[in-house]
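>>> would you be able to build a 3D model of this:
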Amino acid sequence: MGLTRRFMIAAAAVTIGTAGSALAETPKYGGILNYVVPGDPPSYDGHQESTFSVIHPVAPFYSLLIKVNPDNPSDASDLVCDLCVGDVPKPTDGGKTFTFKIHEGVKFHDGEVLDAHDLVATYEHILNPPQGTVSVRQAYYEMVESISAPDDLTFVIKLKRPSTAFLPALASPYNFVYSNEKLAKDPNWYKFNILGSGAFVLDKREPGALISGKKYEGYHIKGRPYLDGFNAIFANKQSLRVQAIRGGRADIEFRGFPPKSRDDLVAALGDKITVQESTWNCTMTVSLNHNHPAFKDQRVRRALTLAIDRWGGSKYLSEIAIMKTVGGLVFPGHPLSATKEELEKIDGYWPDIEKSRAEAKRLLKEAGFENLSFNLSNRNVDQPYKIAGTWLIGEWKKIGVTVTQQALTTSEWYRSYRETKEYDAALTPTCQSVVIPELDVQNNLSTDRSPQNYRDYIDREGDALYDAMLAENDPAQQRVKMRAFEDYILQTKSHYMVVLWWNRIIPHRSRVKGWKISPSHYLNQDFVNVWLGDD
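This next block holds a predicted model:
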(Lines give C-alpha, C1' and ligand atoms only; values in the text may rest on other atoms or scores of the structure.)
Protein backbone atom coordinates (compact mmCIF):
# COMPACT_ATOMS: atom_id res chain seq x y z
CA MET A 1 0.00 0.00 0.00
CA GLY A 2 1.48 3.38 -1.04
CA LEU A 3 2.01 6.33 1.25
CA THR A 4 -0.78 8.33 -0.35
CA ARG A 5 -3.34 5.56 0.13
CA ARG A 6 -2.21 5.01 3.72
CA PHE A 7 -2.73 8.71 4.39
CA MET A 8 -6.18 8.64 2.86
CA ILE A 9 -7.20 5.71 5.06
CA ALA A 10 -5.59 7.12 8.20
CA ALA A 11 -7.17 10.54 7.76
CA ALA A 12 -10.55 9.29 6.55
CA ALA A 13 -13.50 10.92 8.22
CA VAL A 14 -15.64 8.98 10.65
CA THR A 15 -19.36 9.15 10.00
CA ILE A 16 -21.69 8.29 12.84
CA GLY A 17 -24.76 7.23 10.93
CA THR A 18 -27.75 7.52 13.22
CA ALA A 19 -29.91 7.30 10.13
CA GLY A 20 -28.69 3.83 9.20
CA SER A 21 -26.23 2.58 6.62
CA ALA A 22 -25.13 5.00 3.92
CA LEU A 23 -26.52 3.55 0.69
CA ALA A 24 -26.03 5.10 -2.73
CA GLU A 25 -28.87 7.51 -3.39
CA THR A 26 -29.94 9.35 -6.52
CA PRO A 27 -29.39 13.10 -6.08
CA LYS A 28 -32.47 15.29 -6.20
CA TYR A 29 -32.71 18.76 -7.65
CA GLY A 30 -34.17 21.70 -5.79
CA GLY A 31 -34.30 23.10 -2.31
CA ILE A 32 -32.49 25.76 -0.33
CA LEU A 33 -29.58 24.83 1.95
CA ASN A 34 -29.69 26.86 5.15
CA TYR A 35 -26.53 26.92 7.24
CA VAL A 36 -25.15 28.97 10.10
CA VAL A 37 -21.80 30.77 10.10
CA PRO A 38 -20.15 31.92 13.38
CA GLY A 39 -19.16 35.32 11.99
CA ASP A 40 -19.47 37.54 8.93
CA PRO A 41 -16.36 38.14 6.78
CA PRO A 42 -14.00 41.11 7.24
CA SER A 43 -13.98 41.44 3.43
CA TYR A 44 -14.96 39.25 0.48
CA ASP A 45 -11.51 38.89 -1.08
CA GLY A 46 -10.24 35.33 -0.69
CA HIS A 47 -6.75 36.37 -1.79
CA GLN A 48 -6.39 38.84 1.06
CA GLU A 49 -8.22 37.02 3.87
CA SER A 50 -7.50 33.87 5.86
CA THR A 51 -10.67 33.29 7.88
CA PHE A 52 -13.33 30.63 7.34
CA SER A 53 -15.91 33.40 7.59
CA VAL A 54 -14.94 34.31 4.01
CA ILE A 55 -14.91 30.75 2.69
CA HIS A 56 -18.22 29.58 4.14
CA PRO A 57 -20.53 32.26 2.70
CA VAL A 58 -18.44 33.33 -0.33
CA ALA A 59 -16.75 30.22 -1.82
CA PRO A 60 -19.93 28.96 -3.55
CA PHE A 61 -19.81 32.00 -5.87
CA TYR A 62 -16.35 31.22 -7.26
CA SER A 63 -14.53 28.69 -9.39
CA LEU A 64 -11.00 27.44 -8.81
CA LEU A 65 -8.42 26.18 -11.27
CA ILE A 66 -8.11 22.86 -9.40
CA LYS A 67 -9.48 21.68 -6.07
CA VAL A 68 -9.45 18.79 -3.63
CA ASN A 69 -11.84 16.09 -4.83
CA PRO A 70 -15.19 16.83 -3.13
CA ASP A 71 -15.98 13.09 -3.13
CA ASN A 72 -12.74 12.32 -1.31
CA PRO A 73 -11.76 15.48 0.60
CA SER A 74 -9.85 13.58 3.29
CA ASP A 75 -7.07 12.87 0.78
CA ALA A 76 -5.20 16.07 0.01
CA SER A 77 -3.36 14.35 -2.84
CA ASP A 78 -6.62 13.61 -4.67
CA LEU A 79 -6.95 16.76 -6.79
CA VAL A 80 -9.41 17.35 -9.63
CA CYS A 81 -9.95 20.00 -12.25
CA ASP A 82 -12.51 22.73 -11.80
CA LEU A 83 -11.86 25.24 -14.57
CA CYS A 84 -9.28 23.05 -16.29
CA VAL A 85 -10.28 20.23 -18.63
CA GLY A 86 -9.88 16.54 -17.84
CA ASP A 87 -7.45 15.38 -15.18
CA VAL A 88 -4.99 17.60 -13.35
CA PRO A 89 -2.03 17.70 -15.76
CA LYS A 90 1.27 15.97 -15.11
CA PRO A 91 4.28 18.29 -15.24
CA THR A 92 6.75 18.31 -18.08
CA ASP A 93 10.25 19.75 -18.29
CA GLY A 94 11.53 17.55 -15.48
CA GLY A 95 8.60 18.40 -13.21
CA LYS A 96 8.84 22.17 -13.67
CA THR A 97 6.14 23.06 -16.24
CA PHE A 98 2.38 22.64 -15.80
CA THR A 99 0.09 23.28 -18.77
CA PHE A 100 -3.64 23.62 -18.07
CA LYS A 101 -6.31 23.57 -20.78
CA ILE A 102 -9.31 25.66 -19.74
CA HIS A 103 -12.99 24.95 -20.31
CA GLU A 104 -14.32 26.91 -23.26
CA GLY A 105 -17.37 29.11 -22.80
CA VAL A 106 -17.10 29.65 -19.05
CA LYS A 107 -18.69 32.95 -18.05
CA PHE A 108 -18.60 35.11 -14.98
CA HIS A 109 -21.99 35.84 -13.47
CA ASP A 110 -22.17 39.20 -15.28
CA GLY A 111 -21.78 37.50 -18.67
CA GLU A 112 -18.07 38.25 -19.17
CA VAL A 113 -16.21 35.32 -20.74
CA LEU A 114 -13.60 33.71 -18.48
CA ASP A 115 -10.35 32.72 -20.18
CA ALA A 116 -6.71 31.96 -19.40
CA HIS A 117 -5.88 35.67 -19.13
CA ASP A 118 -8.19 35.88 -16.12
CA LEU A 119 -6.17 33.07 -14.55
CA VAL A 120 -2.95 34.99 -15.18
CA ALA A 121 -4.46 38.07 -13.53
CA THR A 122 -5.74 35.97 -10.62
CA TYR A 123 -2.41 34.38 -9.85
CA GLU A 124 -0.49 37.61 -10.38
CA HIS A 125 -2.79 39.08 -7.73
CA ILE A 126 -1.73 36.23 -5.40
CA LEU A 127 1.96 35.89 -6.33
CA ASN A 128 2.76 39.58 -6.79
CA PRO A 129 0.11 41.61 -4.97
CA PRO A 130 -0.13 45.21 -6.23
CA GLN A 131 0.67 48.08 -3.92
CA GLY A 132 -2.18 48.63 -1.51
CA THR A 133 -3.13 44.95 -1.42
CA VAL A 134 -1.87 41.92 0.50
CA SER A 135 -1.64 38.25 -0.35
CA VAL A 136 -1.55 36.12 2.77
CA ARG A 137 -0.51 33.01 0.82
CA GLN A 138 2.16 34.62 -1.36
CA ALA A 139 4.91 32.59 0.34
CA TYR A 140 3.23 29.35 -0.74
CA TYR A 141 4.30 30.02 -4.31
CA GLU A 142 7.94 31.01 -3.92
CA MET A 143 8.81 28.07 -6.24
CA VAL A 144 6.93 29.68 -9.18
CA GLU A 145 9.13 31.23 -11.88
CA SER A 146 6.50 32.47 -14.33
CA ILE A 147 2.85 32.26 -15.36
CA SER A 148 1.50 32.88 -18.85
CA ALA A 149 -1.41 32.42 -21.25
CA PRO A 150 -0.12 31.39 -24.72
CA ASP A 151 -3.72 31.54 -25.91
CA ASP A 152 -7.20 32.10 -24.48
CA LEU A 153 -7.62 28.50 -23.34
CA THR A 154 -4.10 27.62 -22.19
CA PHE A 155 -2.60 28.53 -18.83
CA VAL A 156 1.06 27.69 -18.14
CA ILE A 157 2.95 27.76 -14.84
CA LYS A 158 6.71 27.26 -14.77
CA LEU A 159 8.56 26.46 -11.57
CA LYS A 160 12.12 27.25 -10.56
CA ARG A 161 12.45 23.65 -9.39
CA PRO A 162 10.18 20.61 -8.96
CA SER A 163 8.10 20.81 -5.80
CA THR A 164 5.84 18.28 -4.09
CA ALA A 165 4.05 21.18 -2.39
CA PHE A 166 3.06 23.05 -5.55
CA LEU A 167 -0.13 21.32 -6.72
CA PRO A 168 -1.71 21.11 -3.23
CA ALA A 169 -0.91 24.81 -2.78
CA LEU A 170 -2.50 25.57 -6.14
CA ALA A 171 -5.68 23.88 -4.89
CA SER A 172 -6.11 26.35 -2.03
CA PRO A 173 -9.83 27.09 -1.58
CA TYR A 174 -8.96 30.79 -1.29
CA ASN A 175 -7.69 30.99 -4.87
CA PHE A 176 -10.94 32.41 -6.24
CA VAL A 177 -10.64 33.08 -9.96
CA TYR A 178 -11.20 36.78 -10.63
CA SER A 179 -11.81 38.91 -13.70
CA ASN A 180 -8.73 40.41 -15.34
CA GLU A 181 -10.78 43.46 -16.29
CA LYS A 182 -11.98 44.17 -12.75
CA LEU A 183 -8.56 43.63 -11.16
CA ALA A 184 -7.00 45.99 -13.72
CA LYS A 185 -9.43 48.73 -12.77
CA ASP A 186 -9.18 48.20 -9.02
CA PRO A 187 -7.04 45.48 -7.37
CA ASN A 188 -9.20 45.82 -4.24
CA TRP A 189 -12.52 45.52 -6.10
CA TYR A 190 -13.15 42.02 -4.71
CA LYS A 191 -12.81 43.15 -1.12
CA PHE A 192 -16.20 44.83 -1.45
CA ASN A 193 -17.91 42.92 -4.26
CA ILE A 194 -18.84 39.32 -5.03
CA LEU A 195 -18.81 38.18 -8.64
CA GLY A 196 -17.41 34.87 -9.78
CA SER A 197 -18.14 31.96 -12.10
CA GLY A 198 -19.11 29.39 -9.47
CA ALA A 199 -22.24 27.28 -9.12
CA PHE A 200 -24.18 30.08 -7.41
CA VAL A 201 -24.79 33.73 -8.16
CA LEU A 202 -25.25 36.36 -5.46
CA ASP A 203 -28.88 36.90 -4.52
CA LYS A 204 -28.94 38.90 -1.27
CA ARG A 205 -26.31 40.36 1.00
CA GLU A 206 -27.26 41.74 4.40
CA PRO A 207 -24.13 42.55 6.48
CA GLY A 208 -24.29 40.92 9.88
CA ALA A 209 -27.35 38.89 8.90
CA LEU A 210 -26.91 36.69 5.83
CA ILE A 211 -25.50 36.13 2.37
CA SER A 212 -27.64 34.13 -0.01
CA GLY A 213 -27.03 32.64 -3.42
CA LYS A 214 -29.19 31.19 -6.14
CA LYS A 215 -28.40 28.56 -8.74
CA TYR A 216 -26.27 29.81 -11.63
CA GLU A 217 -27.97 28.48 -14.73
CA GLY A 218 -24.85 29.14 -16.83
CA TYR A 219 -22.53 27.02 -14.67
CA HIS A 220 -19.86 25.26 -16.73
CA ILE A 221 -20.48 21.78 -15.25
CA LYS A 222 -23.63 20.37 -16.82
CA GLY A 223 -26.32 19.22 -14.43
CA ARG A 224 -24.89 21.08 -11.45
CA PRO A 225 -25.58 22.38 -8.92
CA TYR A 226 -28.46 20.37 -7.51
CA LEU A 227 -29.55 23.05 -5.06
CA ASP A 228 -31.77 25.97 -6.03
CA GLY A 229 -29.80 28.14 -3.64
CA PHE A 230 -28.44 28.65 -0.16
CA ASN A 231 -28.67 31.00 2.81
CA ALA A 232 -25.54 31.58 4.89
CA ILE A 233 -26.94 32.90 8.17
CA PHE A 234 -24.58 34.69 10.56
CA ALA A 235 -24.89 33.82 14.25
CA ASN A 236 -22.07 34.62 16.65
CA LYS A 237 -23.33 32.59 19.60
CA GLN A 238 -22.85 28.84 19.50
CA SER A 239 -26.08 28.26 21.42
CA LEU A 240 -28.02 30.03 18.68
CA ARG A 241 -26.37 27.92 15.98
CA VAL A 242 -27.13 24.69 17.82
CA GLN A 243 -30.74 25.72 18.38
CA ALA A 244 -31.11 26.68 14.72
CA ILE A 245 -30.16 23.14 13.67
CA ARG A 246 -32.23 21.55 16.40
CA GLY A 247 -35.28 23.59 15.46
CA GLY A 248 -34.89 23.03 11.71
CA ARG A 249 -34.13 26.66 10.85
CA ALA A 250 -30.68 25.56 9.66
CA ASP A 251 -29.35 22.30 8.28
CA ILE A 252 -25.68 22.47 9.21
CA GLU A 253 -22.75 24.50 10.51
CA PHE A 254 -19.52 23.76 8.65
CA ARG A 255 -16.95 24.84 11.22
CA GLY A 256 -17.62 22.34 13.99
CA PHE A 257 -19.32 21.84 17.36
CA PRO A 258 -17.96 20.55 20.70
CA PRO A 259 -18.84 17.04 21.92
CA LYS A 260 -21.71 18.12 24.18
CA SER A 261 -23.49 19.95 21.36
CA ARG A 262 -23.12 16.87 19.17
CA ASP A 263 -24.55 14.63 21.90
CA ASP A 264 -27.45 17.01 22.61
CA LEU A 265 -28.41 17.16 18.92
CA VAL A 266 -28.24 13.38 18.52
CA ALA A 267 -30.34 12.88 21.65
CA ALA A 268 -32.95 15.40 20.49
CA LEU A 269 -33.19 14.52 16.80
CA GLY A 270 -32.37 10.82 16.57
CA ASP A 271 -32.31 9.66 12.95
CA LYS A 272 -32.86 13.22 11.73
CA ILE A 273 -29.22 14.01 12.54
CA THR A 274 -26.00 12.60 11.08
CA VAL A 275 -22.56 13.23 12.56
CA GLN A 276 -19.31 13.37 10.62
CA GLU A 277 -15.97 13.64 12.44
CA SER A 278 -12.34 14.06 11.40
CA THR A 279 -8.98 15.07 12.82
CA TRP A 280 -8.88 18.78 12.07
CA ASN A 281 -5.98 20.47 10.29
CA CYS A 282 -5.76 22.84 13.26
CA THR A 283 -3.36 22.67 16.17
CA MET A 284 -3.57 24.06 19.67
CA THR A 285 -0.05 25.29 20.26
CA VAL A 286 1.91 27.39 22.75
CA SER A 287 4.34 30.09 21.69
CA LEU A 288 6.97 31.19 24.20
CA ASN A 289 8.35 34.67 23.62
CA HIS A 290 12.06 34.02 23.19
CA ASN A 291 12.80 37.54 24.49
CA HIS A 292 11.42 36.62 27.93
CA PRO A 293 14.36 36.14 30.34
CA ALA A 294 13.33 32.58 31.24
CA PHE A 295 12.41 31.51 27.73
CA LYS A 296 15.79 32.45 26.31
CA ASP A 297 16.98 29.30 28.06
CA GLN A 298 16.24 26.10 26.12
CA ARG A 299 16.14 24.14 29.39
CA VAL A 300 13.12 26.15 30.56
CA ARG A 301 11.33 25.74 27.25
CA ARG A 302 12.05 22.00 27.38
CA ALA A 303 10.76 21.74 30.94
CA LEU A 304 7.43 23.33 30.03
CA THR A 305 6.76 20.92 27.18
CA LEU A 306 7.86 17.92 29.29
CA ALA A 307 5.21 18.83 31.88
CA ILE A 308 2.30 18.32 29.47
CA ASP A 309 0.57 14.93 29.50
CA ARG A 310 -0.66 14.89 25.92
CA TRP A 311 -1.77 11.26 25.92
CA GLY A 312 -3.85 11.65 29.06
CA GLY A 313 -5.05 15.07 27.99
CA SER A 314 -6.37 13.66 24.74
CA LYS A 315 -8.70 11.29 26.58
CA TYR A 316 -9.93 14.00 28.95
CA LEU A 317 -10.19 16.99 26.64
CA SER A 318 -11.83 15.09 23.78
CA GLU A 319 -14.86 14.64 26.01
CA ILE A 320 -15.35 18.37 26.61
CA ALA A 321 -13.56 20.23 23.82
CA ILE A 322 -12.72 20.16 20.12
CA MET A 323 -9.22 18.78 20.79
CA LYS A 324 -8.27 15.15 20.55
CA THR A 325 -5.45 13.88 18.35
CA VAL A 326 -1.88 13.65 19.62
CA GLY A 327 0.62 14.71 16.98
CA GLY A 328 3.73 16.69 16.19
CA LEU A 329 4.28 19.44 13.63
CA VAL A 330 2.82 17.41 10.74
CA PHE A 331 -0.85 16.55 10.28
CA PRO A 332 -1.37 13.15 11.97
CA GLY A 333 -1.68 10.28 9.50
CA HIS A 334 0.12 12.07 6.69
CA PRO A 335 3.07 10.14 5.19
CA LEU A 336 5.42 12.83 6.52
CA SER A 337 4.08 12.69 10.09
CA ALA A 338 5.69 10.95 13.02
CA THR A 339 4.39 7.54 14.05
CA LYS A 340 3.31 6.97 17.65
CA GLU A 341 6.61 5.23 18.33
CA GLU A 342 8.56 8.15 16.88
CA LEU A 343 6.50 10.68 18.83
CA GLU A 344 7.12 8.91 22.12
CA LYS A 345 10.84 9.62 21.79
CA ILE A 346 10.23 13.39 21.62
CA ASP A 347 10.13 15.59 24.72
CA GLY A 348 6.57 16.04 25.90
CA TYR A 349 5.38 12.80 24.29
CA TRP A 350 7.10 10.31 26.58
CA PRO A 351 4.67 7.58 27.72
CA ASP A 352 5.90 7.91 31.35
CA ILE A 353 4.56 11.30 32.45
CA GLU A 354 6.06 11.06 35.94
CA LYS A 355 9.53 10.53 34.47
CA SER A 356 8.88 13.45 32.15
CA ARG A 357 7.86 15.79 34.97
CA ALA A 358 10.80 14.75 37.14
CA GLU A 359 13.12 15.75 34.30
CA ALA A 360 11.20 19.03 33.91
CA LYS A 361 11.75 19.91 37.58
CA ARG A 362 15.44 19.05 37.30
CA LEU A 363 15.85 21.31 34.26
CA LEU A 364 14.11 24.25 35.97
CA LYS A 365 16.36 23.90 39.01
CA GLU A 366 19.46 23.65 36.83
CA ALA A 367 18.43 26.77 34.91
CA GLY A 368 17.68 28.72 38.10
CA PHE A 369 13.93 29.02 37.48
CA GLU A 370 12.45 26.71 40.14
CA ASN A 371 9.84 29.33 41.05
CA LEU A 372 8.99 30.36 37.49
CA SER A 373 5.84 32.41 36.94
CA PHE A 374 4.50 33.99 33.77
CA ASN A 375 1.35 35.20 32.03
CA LEU A 376 -0.46 33.20 29.33
CA SER A 377 -2.22 35.36 26.71
CA ASN A 378 -5.35 33.64 25.50
CA ARG A 379 -8.44 34.32 23.46
CA ASN A 380 -11.53 34.96 25.60
CA VAL A 381 -13.46 32.14 23.93
CA ASP A 382 -14.30 28.88 25.70
CA GLN A 383 -13.94 26.45 22.77
CA PRO A 384 -11.23 25.39 22.72
CA TYR A 385 -9.10 28.31 23.94
CA LYS A 386 -9.96 28.88 27.61
CA ILE A 387 -10.49 25.16 28.17
CA ALA A 388 -7.01 24.46 26.80
CA GLY A 389 -5.46 27.33 28.75
CA THR A 390 -6.98 26.25 32.06
CA TRP A 391 -5.81 22.67 31.51
CA LEU A 392 -2.27 23.75 30.61
CA ILE A 393 -2.02 25.90 33.74
CA GLY A 394 -2.88 22.81 35.77
CA GLU A 395 -0.21 20.77 33.96
CA TRP A 396 2.50 23.37 34.61
CA LYS A 397 1.48 23.69 38.25
CA LYS A 398 2.52 20.05 38.68
CA ILE A 399 6.16 21.04 38.10
CA GLY A 400 5.96 24.08 40.40
CA VAL A 401 5.30 26.73 37.74
CA THR A 402 2.68 29.43 38.38
CA VAL A 403 0.82 30.74 35.33
CA THR A 404 -1.82 33.45 35.13
CA GLN A 405 -4.25 33.26 32.23
CA GLN A 406 -5.04 36.59 30.55
CA ALA A 407 -8.33 36.16 28.69
CA LEU A 408 -8.31 38.86 25.99
CA THR A 409 -10.71 39.98 23.31
CA THR A 410 -9.87 38.50 19.93
CA SER A 411 -8.31 41.73 18.66
CA GLU A 412 -6.27 42.25 21.85
CA TRP A 413 -5.12 38.63 21.81
CA TYR A 414 -3.98 38.81 18.18
CA ARG A 415 -2.25 42.12 18.82
CA SER A 416 -0.39 40.84 21.89
CA TYR A 417 1.54 38.15 20.06
CA ARG A 418 1.38 39.23 16.41
CA GLU A 419 2.05 42.96 16.59
CA THR A 420 3.29 44.36 19.89
CA LYS A 421 5.00 41.10 20.99
CA GLU A 422 4.20 42.20 24.54
CA TYR A 423 3.46 38.76 25.89
CA ASP A 424 5.21 36.05 27.91
CA ALA A 425 3.49 33.01 26.47
CA ALA A 426 0.42 32.70 24.27
CA LEU A 427 -1.90 30.10 22.85
CA THR A 428 -1.32 30.46 19.12
CA PRO A 429 -3.39 27.88 17.26
CA THR A 430 -2.89 27.48 13.54
CA CYS A 431 -5.42 26.24 11.02
CA GLN A 432 -4.59 25.31 7.43
CA SER A 433 -6.71 24.34 4.45
CA VAL A 434 -5.23 21.76 2.08
CA VAL A 435 -2.89 19.50 4.06
CA ILE A 436 0.56 20.56 2.81
CA PRO A 437 3.06 19.76 5.59
CA GLU A 438 5.98 21.05 3.50
CA LEU A 439 4.43 24.52 3.72
CA ASP A 440 2.33 24.23 6.87
CA VAL A 441 5.43 24.02 9.09
CA GLN A 442 6.87 27.30 7.79
CA ASN A 443 5.84 29.08 10.99
CA ASN A 444 8.89 27.47 12.58
CA LEU A 445 11.36 29.26 10.34
CA SER A 446 13.34 32.25 11.58
CA THR A 447 11.27 35.35 12.20
CA ASP A 448 12.80 37.17 9.23
CA ARG A 449 11.65 34.34 6.95
CA SER A 450 8.23 33.63 8.42
CA PRO A 451 5.84 36.34 9.62
CA GLN A 452 3.92 33.54 11.40
CA ASN A 453 6.82 32.86 13.75
CA TYR A 454 5.58 34.88 16.70
CA ARG A 455 8.29 33.59 19.08
CA ASP A 456 10.85 36.02 17.67
CA TYR A 457 14.01 34.02 17.07
CA ILE A 458 16.61 33.55 14.34
CA ASP A 459 17.82 29.97 13.86
CA ARG A 460 19.71 29.35 10.62
CA GLU A 461 20.41 25.71 11.44
CA GLY A 462 16.69 25.06 11.64
CA ASP A 463 16.13 27.01 8.42
CA ALA A 464 18.72 24.85 6.66
CA LEU A 465 16.99 21.64 7.81
CA TYR A 466 13.69 22.97 6.48
CA ASP A 467 15.19 23.98 3.14
CA ALA A 468 16.73 20.54 2.71
CA MET A 469 13.35 18.90 3.38
CA LEU A 470 11.51 21.23 1.01
CA ALA A 471 13.98 20.62 -1.83
CA GLU A 472 13.75 16.84 -1.49
CA ASN A 473 11.46 15.12 -4.02
CA ASP A 474 12.02 11.50 -3.04
CA PRO A 475 9.13 10.70 -0.62
CA ALA A 476 11.15 8.42 1.63
CA GLN A 477 14.04 10.86 1.92
CA GLN A 478 11.70 13.80 2.40
CA ARG A 479 10.15 11.99 5.34
CA VAL A 480 13.58 11.44 6.89
CA LYS A 481 14.36 15.13 6.50
CA MET A 482 10.99 16.20 7.88
CA ARG A 483 11.66 14.03 10.94
CA ALA A 484 15.01 15.77 11.41
CA PHE A 485 13.39 19.21 11.16
CA GLU A 486 10.60 18.30 13.57
CA ASP A 487 12.98 16.79 16.12
CA TYR A 488 15.13 19.91 15.95
CA ILE A 489 12.20 22.31 16.51
CA LEU A 490 10.34 20.31 19.17
CA GLN A 491 13.23 18.72 21.02
CA THR A 492 16.73 19.94 20.23
CA LYS A 493 15.69 23.61 20.58
CA SER A 494 12.21 23.27 22.12
CA HIS A 495 11.17 26.27 20.05
CA TYR A 496 7.51 25.28 19.87
CA MET A 497 4.87 23.31 21.74
CA VAL A 498 2.15 21.43 19.87
CA VAL A 499 -0.42 20.53 22.51
CA LEU A 500 -3.12 18.63 20.61
CA TRP A 501 -4.67 18.64 17.16
CA TRP A 502 -8.30 19.65 17.00
CA ASN A 503 -11.22 17.31 16.32
CA ARG A 504 -13.77 18.48 13.78
CA ILE A 505 -17.34 17.44 14.66
CA ILE A 506 -20.14 18.22 12.19
CA PRO A 507 -23.66 17.21 13.26
CA HIS A 508 -26.07 18.01 10.44
CA ARG A 509 -29.60 17.36 9.38
CA SER A 510 -29.73 13.97 7.67
CA ARG A 511 -31.35 15.50 4.62
CA VAL A 512 -28.03 17.12 3.69
CA LYS A 513 -26.51 14.80 1.10
CA GLY A 514 -23.42 14.85 -1.09
CA TRP A 515 -21.24 16.73 1.40
CA LYS A 516 -18.28 14.96 2.98
CA ILE A 517 -16.19 16.20 5.86
CA SER A 518 -12.55 17.07 5.28
CA PRO A 519 -9.67 17.72 7.70
CA SER A 520 -10.23 21.44 7.12
CA HIS A 521 -13.21 23.72 7.58
CA TYR A 522 -11.98 25.64 4.52
CA LEU A 523 -12.35 22.77 2.04
CA ASN A 524 -15.31 21.38 0.07
CA GLN A 525 -17.47 24.48 0.43
CA ASP A 526 -18.57 25.16 -3.16
CA PHE A 527 -21.74 22.99 -2.78
CA VAL A 528 -21.49 21.71 -6.36
CA ASN A 529 -22.36 18.16 -5.28
CA VAL A 530 -24.64 18.96 -2.34
CA TRP A 531 -28.32 18.07 -2.51
CA LEU A 532 -31.25 17.79 -0.11
CA GLY A 533 -33.15 14.60 0.59
CA ASP A 534 -35.80 13.82 3.16
CA ASP A 535 -35.07 14.74 6.77
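>>> any idea how far the spatially most central residue of the chain lies from residue 417?
Per C-alpha atoms, centre = their mean, the C-alpha nearest to the average position across the chain is that of residue 432, at 2.3 Å. Residue 432 sits 18 Å away from residue 417, going by C-beta to C-beta, to the nearest Å. Any C-beta I mention is one placed from the backbone N, CA and C, and that applies to glycine too.
>>> repeat for residue 147
In this structure, residue 147 and residue 417 are 35 Å apart, going by C-beta to C-beta.
>>> same thing with residue 383?
Counting by C-beta to C-beta - residue 383 and residue 417 are separated by 20 Å.
>>> skipping adjacent residues, who's closest to residue 214 in space?
The spatial neighbour of residue 214 that comes closest, neighbours along the chain excluded (C-beta to C-beta, 6 or more residues apart in numbering), is residue 229 at 4.1 Å.
>>> which residues touch the one you found?
Contact partners of residue 229, counting by C-beta atoms under 8 Å, 6 or more residues apart in numbering, are 32, 33, 200, 203, 212, 213, 214, 215.
>>> swap in residue 87?
Applying C-beta under 8 Å, 6+ apart, the residues near residue 87 are 80, 81.
>>> any idea how far it lies from residue 78?
11 Å.
>>> cool, and residue 320?
33 Å.
>>> ok, residue 433 next?
15 Å.
>>> higher neighbour count, these two?
Between residue 433 and residue 78, residue 433 has the larger neighbour count (other C-beta atoms under 10 Å), namely 26 against 16.
>>> which residue is the nearest non-sequential neighbour of that one?
Using C-beta to C-beta, 6+ apart and skipping residues adjacent in sequence, the residue nearest residue 433 is residue 522, 3.8 Å away.
>>> that's a helix at that neighbour, yeah?
No: assessed with DSSP: H, G, I helix; E, B strand; the rest coil, residue 522 is coil; it does not lie in a helix.
>>> what about it, neighbour count?
Neighbour number of residue 522 under other C-beta under 10 Å is 26.
>>> and for residue 34?
Residues near residue 34, counting by other C-beta under 10 Å: 22.
>>> is it in a bridge, and if so with what?
Residue 34 forms beta bridges with residue 231, as assigned by DSSP bridges.
>>> so who does it touch?
Counting by C-beta under 8 Å, 6+ apart, residue 34 has contacts 230, 231, 233, 249, 250, 251.
>>> in TSV, list the residues you listed along with pLDDT, neighbour count and distance to residue 424.
Formatted as TSV, the contacts of residue 34 follow (pLDDT from 0 to 100; neighbours: other C-beta atoms under 10 Å; distance: C-beta to C-beta, whole Å):
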residue	pLDDT	neighbour count	distance to residue 424
230	98	26	44
231	98	20	44
233	98	21	39
249	97	14	44
250	98	24	41
251	98	24	43
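>>> from these, which single one is nearest residue 264?
residue 250 (15.1 Å; C-beta to C-beta).
>>> I'd say that closest one and residue 35 touch.
Yes: the pair residue 250 and residue 35 qualifies as a contact (C-beta atoms under 8 Å) at a distance of 5.7 Å.
>>> which neighbours do those two have in common?
Joint contacts of residue 250 and residue 35 (C-beta under 8 Å, 6+ apart) are residue 233.
>>> A helix includes residue 119, no?
Yes: Residue 119 sits within a helix when classified using three-state DSSP.
>>> any idea which helix or strand carries the closest residue to it other than its chain neighbours?
Nearest residue to residue 119, sequence neighbours excluded (C-beta to C-beta, 6+ apart): residue 155, at 4.6 Å. Element membership for residue 155 (DSSP states H and E) is strand 154-159.
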